[in-house]
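Student: Just the structure for this:
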Amino acid sequence: MKNALITIALLIVFSLAIQSCGEDKKNTEAPKTEQAPEVTEQTGDAPVAEETDAPAEEAAAEVKPSGLADNTYKTPIMGKIVSLSGLVHGDGTVNKAEAAKMVEKAIPLMFKADAGSVCMVYNADGSYAGKKLVKYASNKKIGIIGQVKTVNGVKIIIADKIESMD
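Tutor: Next comes the predicted model:
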């Protein structure tokens, strides 16, 4: 009889222990993280963070734009033509003659947006737009209207229109 009571008491203790372990697993879900702000304007800028009841440290943090967002832009994306290899050693600026030589040698020209992103530029038919970019390589500012996508981690612009903004 004594052994039966001890066995029942142990079963009760183990079942309570198992139950309490199960409750801990339910309550230890990953904390919800704040999602990145959505792009709301055609400029590619992120909205300013609104004040909330969050702790002072979190409320003090500013939202910084991280470049171009994947989006279709109806207004020109402002920037300049750069050399990918030139960006490694400096600001990447090229003139029209250098750009033409680079395209002949299959060295990629890129578009560096004022927002900070460096993008490959393609035509609407999917072909590389290097020859079109050569025309604008000497310009200080150009504008591209089109769609920005991220493909395998690389930003690309499918250009509908490229124009000088000088």
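Student: Count the neighbours of K140 for me.
Tutor: Residues near K140, counting by other C-beta atoms under 10 Å, number 9. Glycine gets a C-beta too; all of them are placed from N, C-alpha and C.
Student: On the three-state scheme, it is what?
Tutor: Three-state assignment for K140 (DSSP: H, G, I helix; E, B strand; the rest coil): coil.
Student: Quick check, it in contact with D166.
Tutor: Yes. Contact criterion C-beta atoms under 8 Å: K140 and D166 qualify, at 5.7 Å.
Student: show me the biggest strand of this structure in terms of residues.
Tutor: Secondary structure of the chain per DSSP state E: the longest strand is strand 71-83.
Student: buried sites along that one?
Tutor: Going by neighbour count (16 or more other C-beta atoms under 10 Å), the buried part of strand 71-83 is 73, 76-77, 79-83.
Student: what do you get for stretch 80-95?
Tutor: For stretch 80-95, a neighbour-count test (16+ other C-beta under 10 Å) marks 80-83, 86, 92-94 as buried.
Student: what residues does the longest strand of the chain touch?
Tutor: Strand 71-83 has contacts (C-beta atoms under 8 Å, 6 or more residues apart in numbering) with 39, 42-44, 68, 91-94, 98-99, 102, 107, 109-115, 118, 133, 136-137, 139-148, 157, 161, 163, 165.
Student: which residues of the chain fall in helices?
Tutor: Assigned helices in the chain, in chain order: 2-27, 56-60, 84-89, 96-104, 130-135 (criterion: DSSP state H).
Student: Any idea which of these has the lowest pLDDT on average?
Tutor: Note on the helices of the chain: lowest mean pLDDT is at helix 56-60, with a mean of 42.
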